[in-house]
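Undergrad: Could you look at this predicted model? Sequence included:
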Amino acid sequence: MARKIMIQGTMSNVGKSVIAAGLCRIFRQDGYRVAPFKAQNMALNSFITREGLEMGRAQVMQAEAAGVEPVVAMNPILLKPTNDVGSQVIVNGEAIGTMSARDYFKIKKSLIPTVMEAFGRLDEAYDIVVIEGAGSPAEINLKQDDIVNMGLAKLAEAPVLLVGDIDRGGVFAQLYGTVALLEEEERRRIRGLIINKFRGDRTIFDPGVEMLERLTGLPVVGVTPYLPVSLEDEDSLSERLEGPQKAGLVDIAVIRFPRISNFTDFNRFEGIEGVSLRYVSTAGQLGSPDLILLPGTKNTMRDLLWMRQNGLEAAVLKAHRAGSAIFGVCGGYQMLGRKISDPDGVEEGGTVRGMELLDTETVFESGKTRTRVEGRILVPGGILKPLGGARIAGYEIHMGRTFSGEKAQPLTEIVDEISGERRQEGAHGSNVYGSYVHGIFDSEELASGIVRALAQAKGVAEQIGKPVDFAAFKETQYNLLAAGLREHLDMEEIYRIMDAEV
């Protein structure tokens, strides 16, 4: 059996995923085989494993930090919200349906064997399992059906570190209130507190730490600073989506849909000096970017109507007429066509007019495409014409098929890594491009080629920095995270906590 440590938080977005990733890297550096685990993840950023199964990207990021291949056992349940009250439910990598929150809670306990079977596989194969909770363990209206916080800690016999976020204010109330709302058995499982995202003078803060320890009877095992590392984010609460709106020499604008998914597709552009990557949600923010990116979305039809109603669609069309290139990925690709139909009610039902920038039509179907691909860009027109032949790799996750008319030329030629099928995919028109391939821009050849083509068109190519080796950059970030946590966490105490009887 593996040693375990569980990271729970006082609320969402306190830094659980990042601290879990940092611990994965520390334990790996210390010579252990490490696996991340999150029983239930609610997020729209997902990934396809080599077996063609879907899981949350947060655990993929943590697996990278641990230096292991991501497998679906690391995230056996994934909830992908489709609206304010319902989610697509994915179990062991496969969608079992779209359910309201109430309907999901009816089946939640029946999924405990599935969760524990997945956890057991990791427990047998690794030296240490770093478990991440979700939300808060003190959601007292939900505790009776909990399978991801204290309920899981009990089943997995895991000690817990509770994380609070000082940057959001009220960290003493967060931590003390969470502990106070737990039952005695649950409180005993918490072995240490972590105060995360600290900025300021520790000498002023230390008396508060001592008072918190007296009030809770628990040690503070770390006060971790706001670490300047760039890692993938779990969901749309990401701070990178609130970044600066100032345009760079090459300006790239990403449409921030209400149900945006897999925005990690565009992280690659952030590391190129002279390039601005801006997330925009209003027509006034759009400006005149060189490239407009339409990302994936969990509800293509509703987010297209959102763009239409708030004026963003008109602003995008105007920018395109003025010379902006447009690239849609997955749901964004579907929007670019003439029409989207949903005869079976997979999303909204009915038919909506598309943006009419590509000669394509999309029909939603109940079956879900999940596969990994690799291939190349065909010779496109427009600003990206020099990129014919660029190698790409990534994965597809979508419901529905897109059909091309006579005026739409295929954008890529890919090989399905699971079936071995070779096919053409995507479409391009007049400086407009679309593809189903998530991760398409992770190819340095394609990403840097796009920036170079845009910079040359503006006459600023000499001022753009060289592209960064993205894989090496991520390794550097994991090591920086580990170094920062080692400095501010009591790792000796954390090892003792893992070795003590729960």
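TA: Good, I have the coordinates. Nothing here was measured: the structure is a model prediction, and the numbers come from that model.

Undergrad: Let me know how buried residue 198 is, in neighbour terms.
TA: The number of residues packed near residue 198 is 18, by other Cβ atoms under 10 Å. (Each C-beta comes from the backbone N, C-alpha and C, glycine too.)

Undergrad: That one is in contact with residue 205, isn't it?
TA: Yes - counting by Cβ atoms under 8 Å, residue 198 touches residue 205, with 7.1 Å between them.

Undergrad: Report the set of residues contacting both of those two.
TA: Residues touching both residue 198 and residue 205 by Cβ atoms under 8 Å, 6 or more residues apart in numbering: residue 223.

Undergrad: what sits against the closest residue in space to residue 426 that isn't next to it in sequence?
TA: Excluding the flanking residues, the one nearest residue 426 by Cβ to Cβ, 6 or more residues apart in numbering is residue 411, at 3.3 Å. Neighbouring residues of residue 411 by Cβ under 8 Å, 6+ apart: 377, 378, 380, 425, 426, 427, 428, 433, 434, 435.

Undergrad: model confidence over the longest helix belonging to the chain, on average?
TA: Longest helix of the chain, by residue count under DSSP state H: helix 470-488. Here helix 470-488 scores 93 as its mean pLDDT.

Undergrad: and what of stretch 329-348?
TA: Mean predicted confidence for stretch 329-348 is 94.

Undergrad: Which pLDDT value goes with the residue nearest to residue 426?
TA: 96.

Undergrad: what about residue 145, how many residues close to it?
TA: Neighbourhood size, residue 145 [other Cβ under 10 Å]: 15.

Undergrad: what's the closest non-adjacent residue to it?
TA: Of all residues beyond its chain neighbours, the one nearest residue 145 is residue 108 (4.9 Å), with distances taken as Cβ to Cβ, 6+ apart.

Undergrad: Pretty sure residue 147 is one of the things that neighbour touches, is it not?
TA: Yes - counting by Cβ under 8 Å, residue 147 is a contact partner of residue 108 at 6.2 Å.

Undergrad: Which residue ranges of the stretch 151-300 of the chain form strands?
TA: 160-165, 190-198, 220-225, 250-255, 260-261, 275-280, 291-294, 296-297 (DSSP state E, counting those that start in this stretch).

Undergrad: Could you save these as TSV and add columns showing mean pLDDT?
TA: What follows is the strands of the stretch 151-300 of the chain, written out as TSV (pLDDT from 0 to 100):
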stretch	mean pLDDT
strand 160-165	97
strand 190-198	96
strand 220-225	95
strand 250-255	96
strand 260-261	91
strand 275-280	94
strand 291-294	98
strand 296-297	94
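
Undergrad: Ok, which of these comes nearest residue 39?
TA: Residue 39 lies closest to strand 160-165 among those, at 13.8 Å (Cβ to Cβ).

Undergrad: For the closest one, give me every contacting residue.
TA: 5-11, 13-16, 19, 133, 137, 150, 153, 171, 174-175, 178-179, 189-197, 218, 221, 494, 497.

Undergrad: same thing with stretch 203-221?
TA: 161-162, 172, 175-176, 179, 190-195, 198, 223, 489-490, 493-494, 497.

Undergrad: buried ones in stretch 450-458?
TA: 450, 451, 452, 453, 454, 455 (16 or more other Cβ atoms under 10 Å).
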